[in-house]
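S.K.: Let me see the structure of the following:
(one chain, ligands or ions: 2)
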Amino acid sequence: MANAQASVLEHFEAPLASRRFPLPSQLETGAALVRIEMAGICGTDVHLWKGQLPISLPVILGHETVGRIEQLGEALERDWTGQLLRVGDRVTWNSATSCGECYFCAEKRQPTRCPHRRAYGVGYRCDQPPHLLGGYAEFHYLCPDTTIFKIPDNLPTESVIGAGCALITAIHGVERICVERAADISSDQDTNGMPILPSLWRDNVVVQGAGPVGIAALAVAKNAGAGTVIVIGGPKQRLEMARRFGADHTIDIDEVRDSSGRIEAVRQLTRGFGADAVLECVGSPVVVTEGVEMCRDGGKYLVLGHYCDAGATPFNPHVVTRKQLQVFGSWSSEPRHLRAALEFLRTTQKQFPFASMVTHRFPLERANEALMTSARWQSAKSVIVPA
Ligand SMILES: [Zn+2]
Ligand SMILES: [Zn+2]
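M.R.: Ligands and ions are numbered 1, 2, ... in the order given. Alright, predicted model coming up:
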């Protein structure tokens with residue numbers, strides 16, 4: 001029987017193991033088998049490797065993946081947008097699938113909170129068939145109901161992986177602050193509706209963090225009409241990247257070391273008022289207290305970076321009342337955000353060079369090294385390219 005190589009997380013904080021798994025002898029109706037072209041390493045993979053999220057091992061990591069259709073199951077004819085799918089087509093897909101029927105999916109239209117949601121590269125053990133449910137492998141099995149997207153010919157794989165799950169996360173997050181009832185509005189268009197990103201028109205926006213989510217949030221904010229975007233973070237090369245992506249101002253946390261200095265710097269750049277919106281893309285609890293102080297009165301604060309529970313932080317709720325703030329959270333993304341991301345990437349390649357974020361490439365045999373360069377912050381984006 002034909003089989004495929006994969007890199008497997010068997011024990012937390014131990015090197016990934018190279019294993020072989022049988023390819024499925026027959027595909028389920030609506031399923032697909034994909035030959036992987038490139039798999040991105042996400043910061044979340046590092047957290048998973050460290051055991052900071054509750055998952056059951058062994059797992060093939062990798063939830064940012066592009067590949068070519070190797071085999072199509074019966075009844076799978078079109079992608080999520082209605083384009084015909086053929087063997088050889090280059091595709092990507094949403095890593096998580098919601099049930100579509102529960103309280104959150106059907107009634108509240110917030111499928112990212114579906115309790116039945118499971119994500120490739122996170123929530124599937126690989127010791128049970130169909131085994132190949134993560135990106136660090138030669139092949140990926142796409143279960144029925146996976147939301148698949150054909151990638152336009154003029155959009156490079158590097159752009160899709162360079163943007164990774166950070167971009168769809170940022171699109172959803174910015175949508176949350178732009179449309180207070182985004183879920184209700186999107187409910188009449190839930191089959192193929194684009195996210196509604198009406199406007200940060202001329203707004204002053206602060207992005208806390210210059211990692212992949214911060215860079216993506218900067219790009220989405222700019223594209224949504226933001227007037228001035230200030231990115232706060234480090235190290236230097238990440239802030240240079242932010243400037244290449246159109247940041248109007250950057251504040252280096254290694255230069256402006258104290259919180260009050262950074263709050264003051266934001267005030268000075270916003271005529272003394274503070275920012276209309278502050279987007280937290282760091283994942284460190286202490287930055288939240290600082291971030292709400294950077295909001296103007298009546299402004300908005302989005303907590304986007306806390307995918308892991310990094311603990312509590314002292315917080316004075318009086319600030320929210322007194323400043324009349326709106327505070328938002330946003331978890332993961334929906335299929336329509338991936339659809340929008342691909343269109344966004346295709347049309348803005350010159351302005352937002354996401355492909356240039358792919359700085360380190362590794363063959364599948366060196367997947368562990370790829371993960372370690374991300375863990376040590378040595379790369380903007382590490383990717384695995386199976387031979
Ligand atoms: Zn991710
Ligand atoms: Zn559901």
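S.K.: Distance of the closest residue to residue 227 other than its chain neighbours relative to residue 279?
M.R.: Closest residue in space to residue 227, ignoring its immediate chain neighbours: residue 202 at 4.0 Å, by Cβ to Cβ, 6 or more residues apart in numbering. C-beta: built from backbone N, CA, C; applies to glycine. Plainly put, residue 202 is 17 Å away from residue 279 if you go by Cβ to Cβ, to the nearest Å.
S.K.: Ok, residue 265 next?
M.R.: Distance of residue 265 to residue 279, given as Cβ to Cβ: 17 Å.
S.K.: Kindly report the same for residue 129.
M.R.: 41 Å.
S.K.: of the two, who's got more company?
M.R.: residue 279 (33 against 12; other Cβ atoms under 10 Å).
S.K.: The more buried one belongs to a helix?
M.R.: No: per DSSP: H, G, I helix; E, B strand; the rest coil, residue 279 lies outside any helix segment and is strand.
S.K.: ok, what's across the strand from it?
M.R.: Counting by DSSP bridges, residue 279 forms beta bridges with residue 207, residue 302.
S.K.: Report the contact partners of it.
M.R.: Contact partners of residue 279, counting by Cβ atoms under 8 Å, 6 or more residues apart in numbering, are 170, 173-174, 177, 205-208, 214, 217, 221, 302, 304.
S.K.: Now, of the residues you listed, which are buried?
M.R.: Buried members of the contacts of residue 279, scored by 16 or more other Cβ atoms under 10 Å, are 170, 173-174, 177, 205-208, 214, 217, 221, 302, 304.
S.K.: Show me which pair in those residues is furthest apart.
M.R.: For the buried ones among the contacts of residue 279, the farthest-apart pair by Cβ to Cβ is 177 and 214; their separation is 15.2 Å.
S.K.: Quick check: which element contains residue 34?
M.R.: Residue 34 belongs to strand 32-40 when assigned by DSSP states H and E.
S.K.: by contact count, what packs against that strand?
M.R.: strand 65-72, strand 139-142, helix 157-178, strand 381-384 (3 or more Cβ pairs under 8 Å, 6 or more residues apart in numbering; DSSP states H and E).
S.K.: gap between stretch 159-174 and the chain center?
M.R.: Put simply, stretch 159-174 sits 4 Å off its chain's centre (Cα atoms, centre = their mean, to the nearest Å).
S.K.: quick one on the thing from earlier: so which of the helices and strands packed on strand 32-40 gets nearest residue 121?
M.R.: strand 65-72 (7.8 Å).
S.K.: Just the buried positions in that closest one, please.
M.R.: In strand 65-72, counting by 16+ other Cβ under 10 Å, buried: 65, 66, 67, 69, 70, 71, 72.
S.K.: cool, and stretch 265-283?
M.R.: Neighbour counts over stretch 265-283 (16+ other Cβ under 10 Å) mark 265-267, 269-270, 274-283 as buried.
S.K.: One more: stretch 158-175?
M.R.: Going by neighbour count (16+ other Cβ under 10 Å), the buried part of stretch 158-175 is 158-175.
S.K.: Low-confidence ranges, this structure, go.
M.R.: 1, 180-198 (pLDDT under 70).
S.K.: residues contacting the residue in the stretch 151-300 of the chain positioned nearest to ligand 1?
M.R.: For the stretch 151-300 of the chain, the residue closest to ligand 1 is residue 165, as judged by Cβ to the ion, at 3.4 Å. Under the criterion of Cβ under 8 Å, 6+ apart, the contact partners of residue 165 comprise 40, 42, 44, 63, 64, 95, 333.
S.K.: again with residue 117
M.R.: Taking Cβ under 8 Å, 6+ apart, we find residue 117 in contact with 96, 97, 98, 99, 111.
S.K.: Out of those residues, which is nearest to residue 308?
M.R.: Comparing the contacts of residue 117 against residue 308 with Cβ to Cβ places residue 96 closest, at 16.6 Å.
S.K.: Angles on the backbone of that closest one, please.
M.R.: Backbone torsions of residue 96, given as degrees, to the nearest 10, read phi -110, psi 150.
S.K.: Which of the three states applies to residue 44?
M.R.: helix.
S.K.: same question but for residue 262, I mixed them up
M.R.: Classified using three-state DSSP, residue 262 is helix.
S.K.: Tell me how many other residues surround it.
M.R.: 24.
S.K.: likewise residue 361?
M.R.: By other Cβ under 10 Å, 15 other residues sit near residue 361.
S.K.: Contacts only, for it.
M.R.: 382, 383, 384, 385.
S.K.: can you rerun that using 6 Å?
M.R.: 383, 385 (Cβ atoms under 6 Å, 6 or more residues apart in numbering).
S.K.: so which strand or helix has it?
M.R.: strand 358-362.
S.K.: Quickly run through the sheet partners of that strand, with directions.
M.R.: For strand 358-362, pairing defined by DSSP bridges yields strand 381-384 (parallel).
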